[in-house]
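> okay, predicted coordinates and the sequence, questions at the end:
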Amino acid sequence: MRFRTRFAPSPTGPLHLGHAYSAILAHDMARAAGGDFLLRIDDIDQSRARPAWEAQIYTDLAWLGLTWDAPPRRQSDHLPAYRAPIDRLGQMGLIYPCRCSRRDIREAANAPQEGGEPLTGPDGLVYPGTCRHRAMAAMGPGDAIRLDMAKAMARHDTTRGFDETGPAHLGHHPIPAAAMIATIGDVVLARPAMGASYHLSVAVDDAAQAITHVIRGQDLFAATPIHVLLQGLLGMPTPQYHHHRLIRDEQGKRLAKRDDARAIHSYRADGAAPQDIRRMVGL
Ligand code: GLU
């Protein structure tokens, strides 16, 4: 199968050295394999996405010398594509509407009778299950949609896991039901103002772009089992994964979008060349 990977930035701030590393690595791996490098604009959260940041993404990547092999896929151009998978999970009886605010969840998770520290997973606090009994037919306009993790795992094909080629977790990873339920829990699949959550959209988009290799930061490794579970439930192929090291500042802290000093456009304005950026991220 032809190697096909993607870089999927969210246009919510400037691309920094960490993004440069991720994009160049994916691009170079695709070129070395004689495959495709695609671009996706993860702008499903329209409250945070800005056209100016999207334009800056194209400028920065082109300046770095990267080329992509198809027009970029913008999530906001495909909002109906996220509806059918949600309906399908609904027909399988795996989802429910949730009206809890973040505060409700914090309070329920902290309730003294629960005992111990509330657990935080890749989707935030593990949801305490307050709305789990609610039927989709009773969904209100301000409700989110959650996946019932215990029911979903009961439908999971246990032979489906994922292969990781990144340095920190090299090897095959199964999707263990007990850990998914206890440490990840009922993840959000859709929010009222957003057609789909990150987890649902990444599964749908990777399948729509026929991605064979997902190359992205180590910070997303813990979320990968959620994506693989959704792929299985929705009859989609599971790509290979490569989670790369993160670029950190001198204090060892991960770079963030607000770190404008390390933005690619700032280095460029200071006279850096694309080769300098490659060198700075160790490529
Ligand atoms: N849009 C996500 C981010 O900027 C990356 C999604 C992915 O690579 O799966 O963190």
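Structure received. Residues are numbered from 1 along each chain as shown.
> against His19, how distant is Asp60?
Plainly put, Asp60 is 8 Å away from His19 if you go by Cβ to Cβ, to the nearest Å. Where C-beta positions appear, they are placed from N, C-alpha and C, glycine not excepted.
> oh sorry, the question was meant for Leu234
Note on Leu234: its distance to His19, by Cβ to Cβ, is 28 Å.
> which one's more surrounded, those two?
Taking neighbours as other Cβ atoms under 10 Å, Leu234 and His19 compare with His19 leading, 26 against 17.
> surely that one meets Ala8?
No - with contact defined as Cβ atoms under 8 Å, His19 does not reach Ala8; the gap is 10.3 Å.
> on the three-state scheme, Arg40 is what?
strand (DSSP: H, G, I helix; E, B strand; the rest coil).
> beta partners for it?
As for beta bridges, Arg40 partners with Arg73 under DSSP bridges.
> where does this structure have low pLDDT?
Along the chain, the model assigns pLDDT under 70 to residues 112-116.
> can you show me the strands along it?
4-7, 36-41, 73-74, 95-98, 120-121, 124-125, 144-147, 162-164, 171-173, 188-190, 213-217, 240-244 (DSSP state E).
> which residue does the stretch 1-150 of the chain bring closest to the ligand?
Distances between the stretch 1-150 of the chain and the ligand by Cβ to the nearest ligand atom are smallest at Asp42, namely 3.5 Å.
> in the stretch 51-200 of the chain, what residue comes closest to the ligand?
Taking Cβ to the nearest ligand atom, the ligand has its nearest neighbour within the stretch 51-200 of the chain at Tyr198, 6.9 Å off.
> wait, what's in contact with that residue?
Listed by Cβ atoms under 8 Å, 6 or more residues apart in numbering, the contact set of Tyr198 reads Asp42, Ile44, Ala223.
> hang on, the second one packs against Arg73?
No - the pair Ile44 / Arg73 is not scored as a contact, 11.5 Å apart, by Cβ under 8 Å.
> of those two, who's got more company?
When Ile44 and Arg73 are compared for neighbours, Ile44 comes out ahead with 25 against 18, by other Cβ under 10 Å.
> that one and Ala168, how far apart?
Ile44 sits 28 Å away from Ala168, going by Cβ to Cβ.
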